[in-house]
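[1] next input, structure requested:
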Amino acid sequence: MNHEPTLPADLRPRGRGATSNAAGRFEAYDVEYADDGAGPEAENRVLRTLVSEERVGRVISYNRSPDLPFDRSINPYRGCEHGCVYCFARPTHAWLGLSPGLDFETRLIARPDAPDRLDAELRARGYRVAPIAIGTNTDPYQPVERQYGITRACLEVLSRFNHPVAVVTKGALIERDLDLLADMAARGLAKVGVSITTLDDTLARRLEPRAPSPARRLDTVRRLAGAGVPVRVMVSPVIPGLSDTEIEAILGAARDAGAGAASWIMLRLPREVSGLFRDWLAQHYPDRAGRVMNRLREMHGGRDYSADWHLRMRGQGVYARMIARRFDLAARRLGLDAAQPGLRCDLFEVPLARGAQLALF
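    I've put the predicted structure just below:
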């Protein structure tokens, strides 16, 4: 499938993060657009979101990454309509023959049979319980979840099995599932991480065009914490020259909203994300683009990004150490430096399958 490197002039990508739709790295061809003579009425064309569905063979993905705190995860959707221009998951769309650019945020793929597959995988004789992470690649509470409800259905499966889960999101739609999450948290089975990149509404709208505002996310933290769900605020990503001055303010606002822990990740620009982010900088912050990229290259040996274990999410060098020190001091002062309680694995139990009858004896 071919994709355009730039957009036709009459197509308006309202509320989108990427500024182009270049073909993925596995595609042999690009598409060039030409004026089709449609006239002024073409100016009304707006780039809309399309959702397709796929059947999954397996829904639990396993990883052996030594710098991740989990070894398994679930992602109910491919692509993400939040449109965060910095999203490290964008390159995964290339595996589908789609662009990591605008395709990633407008050509979504839902996995409606994921809850049934999850039920089957948890019943497998050789399954060994450990916390499952939801939302590690794309946001499980992006707008399309309102229509499909796949994330909620997966949580219902995990709850029936007494299976521990950690959810990561920036979507306020998670509040819909407070009944499930609060019940699971009371059993020691659930915790949530909420990502807050900036408190600046203008910067947030440009970076994360279809995600809830920073104030709305703080409200979500407040509601989760009020329902007894352990909440960690993730200052993620820290962007040199754009959001790095806000670390202390974000942590303070998070503490006031009820967060009990915090973490941070430096901006990552793997594969196609680097070009997309540089284009975004040139459009929105041309006066800061050089400084932002120079700082990133200082932390990655002169490159836009390096994928070395234990360094890829923090970087190295003087600037990286300064950010880590500032975060640690602020988190300690605000009481956000303690680790969250561990999730319980000892309650796991395979429930009776639907339609099954109790044995007679």
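[2] now do the longest helix seen in the chain: distance to the chain's middle.
    For the chain, the helix with the greatest residue count under DSSP state H is helix 318-334. In terms of CA atoms, centre = their mean, to the nearest Å, the centre of helix 318-334 is set 23 Å apart from its chain centre.
[3] would you mark the buried spots in it?
    Using 16 or more other CB atoms under 10 Å as the test for burial, helix 318-334 gives Tyr319, Ala320, Ile323, Arg326, Phe327, Ala330, Ala331, Leu334. C-betas here are computed from N, CA, C, even on glycine.
[4] all strands for the stretch 1-150 of the chain, in order.
    When assigned using DSSP state E, counting those that start in this stretch, the strands of the stretch 1-150 of the chain occupy the ranges 50-53, 61-62, 72-74, 77-78, 107-110, 132-134.
[5] next: the stretch 151-300 of the chain.
    Counting by DSSP E, counting those that start in this stretch, the stretch 151-300 of the chain has strands at residues 165-169, 190-195, 231-238, 261-266.
[6] now those strands as CSV including mean neighbour count?
    Converted to CSV, the strands of the stretch 151-300 of the chain look like this (neighbours: other CB atoms under 10 Å):
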stretch, mean neighbour count
strand 165-169, 24
strand 190-195, 25
strand 231-238, 24
strand 261-266, 21
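[7] show me the contact partners of the longest helix of the chain.
    Defining contact as CB atoms under 8 Å, 6 or more residues apart in numbering, one finds that helix 318-334 is touched by 235, 238, 240, 244, 247-248, 251-252, 255, 262, 264, 266, 295, 298-299, 314, 336-337.
[8] switch the cut-off to 7 Å
    Counting contacts by CB atoms under 7 Å, 6 or more residues apart in numbering, the residues outside helix 318-334 that touch it are 235, 238, 240, 244, 247-248, 251-252, 255, 262, 264, 266, 295, 298-299, 314, 337.
[9] out of these, which are buried?
    For the contacts of helix 318-334, a neighbour count by 16+ other CB under 10 Å gives the buried set as 235, 238, 240, 244, 247-248, 251, 255, 262, 264, 266, 295, 298-299, 314.
[10] which of the residues you listed scores worst on pLDDT?
    Looking at pLDDT alone, the buried ones among the contacts of helix 318-334 dip lowest at Arg314, where the score is 87.
[11] check contacts around the spatially closest residue to Arg222 that is not a sequence neighbour.
    With CB to CB, 6 or more residues apart in numbering as the measure, Ala257 is the residue that lies nearest to Arg222, at 4.5 Å, once sequence neighbours are left out. Residues in contact with Ala257 (CB under 7 Å, 6+ apart) are Leu218, Val221, Arg222, Ala225.
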